[in-house]
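Enquirer: Using only what follows, build the 3D model:
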Amino acid sequence: MTDAENGRGQDTPAHIAQSIRNILFTRIGTRLMREEYGSFIPDLIDMPAGPAAIALIHQAAVTAVARWEPRITVRRIQADTAAIAGGKIKLTLDVTLADGNERTYRIE
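Expert: The predicted structure is shown next:
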């Protein structure tokens, strides 16, 4: 597994974090030959912050990760509401890895 930034090898947890970030911040329809890849989160970044925006971000994240990252199952997701109010997305995902171990990923 290769780090997208420097081409070096990386361990599985780091590769999963990279994969989650890539999935969540890739706008659906922008990948050639795989137009359905990604999430709706890029479309939600400029949405007014509030309960509806948080719910949509949660739904978009869980749906996209469930579809595109088979090595994990999302148990819980939490959005940083202050970051969202500032136009940024920061998420904390509590997941279960395919091997049964649990891990927390902070994605921004």
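Enquirer: Give the other helices and strands that the lowest-mean-pLDDT helix or strand in the chain contacts.
Expert: Within the chain, no helix or strand scores below helix 81-85, which has a mean of 81 by mean pLDDT, DSSP states H and E. Counting contacts by 3 or more Cβ pairs under 8 Å, 6 or more residues apart in numbering; DSSP states H and E, helix 81-85 is packed against helix 51-68. Backbone N, C-alpha and C define where each C-beta goes, glycine included.
Enquirer: tell me how far the helix it packs on is from the chain's mean position?
Expert: 9 Å (Cα atoms, centre = their mean, to the nearest Å).
Enquirer: neighbouring contacts of whichever helix or strand comes after it?
Expert: Downstream of helix 51-68, the next assigned helix or strand under DSSP states H and E is strand 72-79. Contact with strand 72-79 is made by 16, 20, 54, 57-58, 61-62, 65-66, 89-98, 102-103, as judged by Cβ atoms under 8 Å, 6 or more residues apart in numbering.
Enquirer: angle of strand 72-79 against helix 51-68?
Expert: Angle, strand 72-79 to helix 51-68, by axes from the mean of the first three to the mean of the last three Cα atoms, to 10 degrees: 160 degrees.
Enquirer: Tell me the buried residues in strand 72-79?
Expert: For strand 72-79, burial by neighbour count (16 or more other Cβ atoms under 10 Å) applies to Ile72, Val74, Ile77, Ala79.
Enquirer: Average pLDDT for it, rounded please.
Expert: Average pLDDT, strand 72-79: 95.
Enquirer: And stretch 97-107, by the same measure?
Expert: 94.
Enquirer: Show me how far that stretch is from its chain's centre.
Expert: 13 Å.
Enquirer: Pull out the buried residues from it.
Expert: Tyr105, Ile107.
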